[in-house]
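**Student:** Fold the following, please.
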Amino acid sequence: MKIYISTDMEGLPGINSWHQVSDKDPRYLNRYLEETLRWVIDGIRASKQNSDVDQILICDSHALGENISYDFTEYDDRIYLVRGGLRDYYMMAGLDNSFSTVFFVGYHAGVGAIHGTMDHTYSSASVHTMKINGMTMNETLINAAFAGEMGIPVSLVIGDHALVEELKDVLKGTVLIETKKGLSRFAAIMKPKDLLRKEILEGVKIALDRTFDNSIKIYKFTPPYELDIEFNSTEMTDQSMLMPGLKRIDGRRIKYTCESYEILLQTMLAVVYTAKIGTEMGK
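**Tutor:** Numbering: from 1, shown residues only. This next block holds a predicted model:
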């Protein structure tokens with residue numbers, strides 16, 4: 001059995017503002033991410049499936065993907081680490097159909113979520129809304145659908161309360177663990193550390209049990225796939241139109257349609273990266 005873990009940071013316990021997930025403030029960088037990952041690995045070790053797990057691939061997926069120390073692989077000999085950028089599929093780099101399940105750790109609510117801690121969807125600077133086939137998306141659902149195209153279930157998500165609210169009626173059978181409850185975008189009530197550790201240990205075991213008995217519904221869309229992005233301002237849309245195949249809907253919205261979810265994900269990433277350049281235009 002191979003387990004794939006994609007990590008972010010805004011949904012981690014103890015985190016409530018941007019400087020805490022930046023190398024500008026080393027007091028927080030790595031600390032809560034690696035601690036939470038240790039609890040996840042401990043849960044795998046305590047599970048009935050532990051002896052069947054031969055690889056744990058962790059994809060460091062916040063910002064440039066340089067948040068987890070290579071030394072962390074010493075915690076368990078089965079840990080492999082995806083680090084750095086740019087790379088294909090970004091938060092899902094290295095995933096293929098040889099994996100049995102996917103965990104999302106430190107994920108956060110989508111852009112516009114009420115009291116979502118540092119809410120955004122792939123770009124806090126440029127994306128106002130993002131939809132796929134008419135459904136408003138967050139990063140968890142975008143990435144879960146990528147796994148779903150390979151027939152892989154997302155069995156565990158660890159993140160903030162607003163994210164859990166977004167997912168609870170959508171990801172059927174997935175274990176959802178709440179790290180904190182937002183009071184505003186940059187304030188939250190943090191769950192006690194020992195309580196959260198126990199919840200993660202038990203949640204991982206349940207997630208692997210459900211993976212083993214195939215009780216988790218695969219999350220995926222039916223083609224054709226239509227991506228709809230509304231940017232924060234018109235210059236971002238101007239810049240995004242450098243990408244071939246996009247249709248401009250109005251000053252801030254674009255649409256893109258294709259038959260491959262892999263192509264849709266790659267195109268979405270390219271469009272978002274390109275749009276970011278627009279934030280520097282006119283200065």
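
**Student:** Next, Glu226: secondary structure please.
**Tutor:** Using DSSP: H, G, I helix; E, B strand; the rest coil, the structure places Glu226 in strand.

**Student:** give me the beta-bridge partners of it?
**Tutor:** As for beta bridges, Glu226 partners with Thr257 under DSSP bridges.

**Student:** Next, work out how far apart Leu37 and Met130 are.
**Tutor:** As judged by C-beta to C-beta, to the nearest Å, Leu37 and Met130 stand 27 Å apart. C-beta coordinates here come from the backbone N, C-alpha and C atoms, glycine included.

**Student:** Actually, Arg248.
**Tutor:** Using C-beta to C-beta, Arg248 is found at 16 Å from Met130.

**Student:** now do Ser17
**Tutor:** For Ser17 relative to Met130 (C-beta to C-beta), the value is 23 Å.

**Student:** Look at these two and report which has more neighbours.
**Tutor:** Of the pair Ser17 and Met130, Met130 is the one with more neighbours under other C-beta atoms under 10 Å, namely 26 against 16.

**Student:** Spit out the contact partners of that one.
**Tutor:** Gly110, Val111, Thr121, Tyr122, Thr136, Met137, Ile142, Leu227, Asp228, Ile229, Glu230, Met268 (C-beta atoms under 8 Å, 6 or more residues apart in numbering).

**Student:** can you do 10 Å?
**Tutor:** By C-beta atoms under 10 Å, 6 or more residues apart in numbering, Met130 lies in contact with 110-112, 120-123, 136-139, 141-142, 227-231, 268, 272.

**Student:** Now do the strands in the stretch 1-150 of the chain.
**Tutor:** 2-7, 55-60, 79-82, 101-107, 127-132, 135-136 (DSSP state E, counting those that start in this stretch).
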